[in-house]
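Peer 1: got a sequence here, can you model it:
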Amino acid sequence: MTEYGDLLTVAHEAVDLARDMMRTLRPGVLTGKGDRDMASEVDFAIERKLRAFLAERTPQVGFLGEEEGTSGGGDELTWSLDPVDGTVNFVHGSPLCAVSLGLIARRRSVLGVIDLPFLGNRYSAALGQGAFCDGERIHASRTSDLGEALVALGDFAVGEDATGRNAHRLAITAAFAEQAQRVRMFGSAAIDLAWLAHGRLDAFVMLSNKPWDTSAGVIIAAEAGARLADLDGSPHTAESGATIGAGEALLPAVLALVREAGFASKPAE
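Peer 2: Reported below is the predicted structural model:
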């Protein structure tokens, strides 16, 4: 058992609460968060429930939630929660949504639990202890050939300057469509990272990095043997600007293609 063993137990208990709420509550009233972005009543209800539960069980640990920000705790450890990762999917009745609870220590993810309530899977990991799905050890893909790789991409941008920000995303999509075996966009970073860990995806590219989206998934993927990096290839942290993951052998080709596509998408001077 690692130094995070007791906290992993608490994380599972918290995610149990969230899973049951997702499975039994309707989305309810939607709250706009900007252009084509929203939160459901379930997002807020889960976040408030887990914030209170974790504050009682782990008062020494801070909390960061997607919907209502930070509270409590000290400087060393922070829970990071996306109560419904894939809210648009959830609202539309798609099963591709998740509860994602991670623990961040000094900018790096050290523990994570991801539950897929409508698919019946639970992913988890703690630093140095490997990654698991439903209690069984999992391993990331060892694919080294991009032509044999199933690649997931993060969502397109919405809101301010979406057109400009999507130029790179569209270029990346086109580049991988030409070179990868297939390209997918599932609409949930937690699922993308969990499936990267499970070998169901060979690579994942997301040109953003919100801690609530990625903190659980990056430690699960890393403990399964994937490498997670920022756009420049440096190791992924809570402060990275992008989230790019693949197996050791495939990551250099993925990073190179992302950079080439970004350069090609820039307007001429």
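Peer 1: any chance you could map the helices in the stretch 51-200 of the chain?
Peer 2: In the stretch 51-200 of the chain, the segments counted as helices under DSSP state H, counting those that start in this stretch are 87-91, 162-179, 189-197.
Peer 1: single out the most deeply packed of those.
Peer 2: Across the helices of the stretch 51-200 of the chain, the average number of neighbours (mean count of other C-beta atoms under 10 Å) peaks for helix 189-197, which reaches a mean of 31. All C-beta atoms are positioned from the backbone trio N, CA, C, and that covers glycine.
Peer 1: shaky segments in the chain?
Peer 2: For the chain, applying pLDDT under 70 flags the ranges 1-2, 29-30, 32-38, 74-75, 263-269.
Peer 1: correct me if wrong: Phe132 contacts Asn121.
Peer 2: No: Phe132 is beyond contact range of Asn121, at 10.6 Å (criterion: C-beta atoms under 8 Å).
Peer 1: the two: which has the busier surroundings?
Peer 2: Relative neighbour count places Phe132 above the other of Phe132 and Asn121, with 20 against 16, counting by other C-beta atoms under 10 Å.
Peer 1: so who does the more buried one touch?
Peer 2: For Phe132, the set of contacting residues under the criterion of C-beta atoms under 8 Å, 6 or more residues apart in numbering consists of Tyr123, Ser124, Ala125, Ile138.
Peer 1: run a quick neighbour tally on the second one.
Peer 2: Other residues within reach of Ser124, judged by other C-beta under 10 Å, total 26.
Peer 1: with adjacent residues omitted, what lies nearest to it?
Peer 2: In space, Ser124 comes closest to Val113 once its chain neighbours are excluded; the distance is 4.7 Å by C-beta to C-beta, 6 or more residues apart in numbering.
Peer 1: so what's that neighbour up against?
Peer 2: Counting by C-beta under 8 Å, 6+ apart, Val113 makes contact with 8, 11-12, 14-15, 99-102, 122-124, 216.
Peer 1: which of those residues count as buried?
Peer 2: The neighbour-count criterion (16 or more other C-beta atoms under 10 Å) marks Leu8, Ala11, Ala14, Val15, Val99, Ser100, Leu101, Gly102, Arg122, Tyr123, Ser124, Ala216 among the contacts of Val113 as buried.
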